[in-house]
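K.L.:
The sequence isn't on hand, but the structure is:
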């Protein structure tokens, strides 16, 4: 049985292209509900893998939340972005295998920024109190810690550019 990776992708581009992406996702959402299985846009082959499951879209913005098996489907998103000439920002996590990151696709270039084992070692979990200890502070959840660590990596990458 696969571990599920949670994904949130925000597409950015001109309104016409974003409307086409919304149409593709509407088709996938409808097909998923009818067939009860993961989906890919019609123009992407089955060999690509990276199926979208449990797709959720709040009408309006071009932001979609969904699940994938094991890891994010970055390559599939890249194919979508290239087809419609848009950019995207993908946030993803699969904590069972310590996968936590952000992928930015802009001007045809992919930047994938993710936490590594050494990042996860920067905080401790106290089983007794069910809290996390990070940089002298106590946290009820590790998500704020993970966001802090990822934001630092992102800033570091973009400061050197």
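P.N.:
Sure, I can see it. Since the structure is predicted, the reported quantities are computational estimates derived from the model, not experimental observations.
K.L.:
so where does the residue nearest to residue 108 when sequence neighbours are not counted fall, helix or strand?
P.N.:
Among residues not flanking residue 108 along the chain, residue 82 sits closest, at 7.5 Å (C-beta to C-beta, 6 or more residues apart in numbering). Just so you know, the C-beta spots here come from the backbone N, C-alpha and C atoms, and that holds for glycine as well. Using DSSP states H and E, residue 82 maps to helix 74-84.
K.L.:
Flag every buried residue along stretch 141-158.
P.N.:
Using 16 or more other C-beta atoms under 10 Å as the test for burial, stretch 141-158 gives 142, 145, 146, 149, 150, 153.
K.L.:
Return the set of buried residues in the helix holding residue 82.
P.N.:
Quick answer for helix 74-84 (16+ other C-beta under 10 Å): 74, 76, 77, 78, 79, 80, 81, 84.
K.L.:
got the contact list for the first one?
P.N.:
Contact analysis of residue 74 by C-beta atoms under 8 Å, 6 or more residues apart in numbering lists 50, 90, 103, 110, 112.
K.L.:
Can you give me the distance of it to residue 135?
P.N.:
For residue 74, the distance to residue 135 equals 30 Å [C-beta to C-beta, to the nearest Å].
K.L.:
And what about the nearest residue to residue 119 once chain neighbours are set aside, helix, strand or coil?
P.N.:
Nearest residue to residue 119, sequence neighbours excluded (C-beta to C-beta, 6+ apart): residue 149, at 5.0 Å. Following DSSP: H, G, I helix; E, B strand; the rest coil, the label given to residue 149 is helix.
K.L.:
my read: residue 39 touches residue 52, true?
P.N.:
Yes. Contact between residue 39 and residue 52 holds when scored by C-beta atoms under 8 Å: they sit 5.1 Å apart.
K.L.:
Alright, calling it a day.
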